[in-house]
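K.L.:
need a structure here:
(one chain, ligands or ions: 1)
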Amino acid sequence: MLTAGGDCPGLNAVIRAVTRSATAGGDEAVGIMRGYRGLAESDYMKLDQRAVSGILPLGGTILRTSSFEPLAENAVEAVATAFERDGLDAVIAIGGEHTMEITRMLHDEHGLPLIGVPKTIDNDIVGTDFTFGFDTAVHVVMEAIDRLHTTAQSHDRVMVVEVMGRNAGWIALYGGLAGGADGIVIPEVDTTCEELAKAVTQRHDRGKDFSIIVVAEGANLAFASGEVRHVRVNEETDEYGYERLGGIGAALSKELERMTGYEARNVVLGHIQRGGSPTAHDRILATRYGAQAYELAAAREFGRMVALHGSEITSVQLSDVRGIKTVDLELLEIAKRFFA
Ligand code: F6P
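P.N.:
Numbering: from 1, shown residues only. Now for the predicted structure:
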């Protein structure tokens, strides 16, 4: 198995579950180092009961990770020949949307025996209800909001909390709901600064001299005039060509201060949301995904991604995993009942 793309809490729980399932099934598990790079370069780690002992509560990944792209690196041949060269029967690729796309391409176009396991704190992968890592990130946001309440209240301040999630508002919406935010801004809906300023002012009018506004890093800065600004810290893109997000929290807090006259501060939670020990929910989900991925490998059902549908663990065709999964807007409507 390999882990690719950004890390997230629960990766080690999958590695442990696949290893223990394989050992119990009479198979041998091998860890491929740094994503698809390890497959191209035959860089492996032996995985047995001892190697995975004690890793369940650990964040990150013992296999390390990378954004190595076989196609872009001219390494499809090196990856394809690894199976025969190194005696591999199947590879379980644990990764995000981009890794699922690479895995689909290598399976569908090159016939490689691959299975996908969806991971990301963003919870934006199509085909599954939830990804592991998301619940842990939401807990971090909730805890941060709980802490910010006391300081915001003491200083009569507006605190704008910028959270991760790329172009989906899952972390902002769930974290904001769990923390009792007074405003939640997500990429799926352009909430105007004027609407937010009005809610903050209404709170002050009824004696609540502080407000907590959660904003997703991918959200826009929108105005009642119809102007929508796509705020970014810089023009950089990451290894996959995605925009580097960030900066909306600072821009929004400035606008809210200007419009309401109340002091506003910006807090960027950043990679703290991705680090540390997974929650019980993520450990269990990751373990169930790992066990299911092994079952698929043992049954030679390749080209599939394990998935959670309701409370059931199942799998979907990798070819059906396209685009990004955005939030359920009904939940935003419920959250709105607590604003202002
Ligand atoms: O996809 C997970 C994620 O943490 C996003 O929420 C965020 O935009 C991005 O990765 C950050 O990427 P990097 O670790 O490359 O800065």
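K.L.:
State the phi and psi torsions of residue 228.
P.N.:
Main-chain torsions, residue 228, degrees, to the nearest 10: phi -130, psi 120.
K.L.:
can I assume it is in contact with residue 193?
P.N.:
No. The pair residue 228 and residue 193 does not pass the contact test of Cβ atoms under 8 Å, sitting 10.8 Å apart. (C-beta placed from N, C-alpha, C; glycine too.)
K.L.:
Quick check: neighbours shared by those two?
P.N.:
The overlap between the contact sets of residue 228 and residue 193 (Cβ atoms under 8 Å, 6 or more residues apart in numbering) consists of 221, 222.
K.L.:
where does the stretch 51-200 of the chain have low pLDDT?
P.N.:
Nowhere does the stretch 51-200 of the chain drop to pLDDT under 70.
K.L.:
number of nearby residues for the residue of the chain found nearest the ligand?
P.N.:
Using Cβ to the nearest ligand atom, the single residue of the chain nearest to the ligand is residue 164, 3.2 Å away. Residues contacting residue 164 under the criterion other Cβ atoms under 10 Å number 27.
K.L.:
does it really touch residue 268, like I thought?
P.N.:
No. Assessed by Cβ under 8 Å, residue 164 is found out of contact with residue 268, at 9.4 Å.
K.L.:
Residue 228 and residue 193: which is more packed in?
P.N.:
The neighbour count for residue 228 versus residue 193, taken as other Cβ under 10 Å, is higher for residue 193 (22 against 11).
K.L.:
can you tell me which residues contact that one?
P.N.:
Residue 193 neighbours (Cβ under 8 Å, 6+ apart): 221, 222, 223, 224, 252, 255, 256, 259.
K.L.:
Going through those residues, which ones are buried?
P.N.:
Neighbour counting by 16 or more other Cβ atoms under 10 Å classes 221, 222, 223, 252, 255, 256, 259 among those as buried.
K.L.:
for these, which one is nearest residue 158?
P.N.:
The closest of the buried ones among the contacts of residue 193 to residue 158 turns out to be residue 256 (Cβ to Cβ; 5.4 Å).
K.L.:
And that closest one, which helix or strand is it part of?
P.N.:
helix 248-260 (DSSP states H and E).
K.L.:
now for that helix, which elements pack on it?
P.N.:
For helix 248-260, the elements it packs on are strand 158-163, helix 193-205, strand 211-216, strand 221-222, strand 264-268, judged by 3 or more Cβ pairs under 8 Å, 6 or more residues apart in numbering; DSSP states H and E.
K.L.:
Out of these, which gets nearest to residue 186?
P.N.:
Proximity to residue 186, assessed across these by Cβ to Cβ, is greatest for strand 211-216 (4.8 Å).
K.L.:
if you skip the residues just before and after it, what's nearest to the residue most central in space within the chain?
P.N.:
Residue closest to the average C-alpha location in the chain (Cα atoms, centre = their mean): residue 121, at 2.2 Å. The shortest distance from residue 121 to any non-neighbouring residue, by Cβ to Cβ, 6 or more residues apart in numbering, is to residue 137 (3.8 Å).
K.L.:
what's the answer for residue 294, then?
P.N.:
Closest to residue 294 by Cβ to Cβ, 6+ apart is residue 21, at 3.8 Å.
K.L.:
next one: phi and psi at that neighbour?
P.N.:
Per-residue torsions, residue 21: phi -70, psi -40 (degrees, to the nearest 10).
K.L.:
Settle this for me: it is touching residue 292, isn't it.
P.N.:
No. In this structure, residue 21 is not within contact of residue 292 by Cβ under 8 Å, at 9.0 Å.
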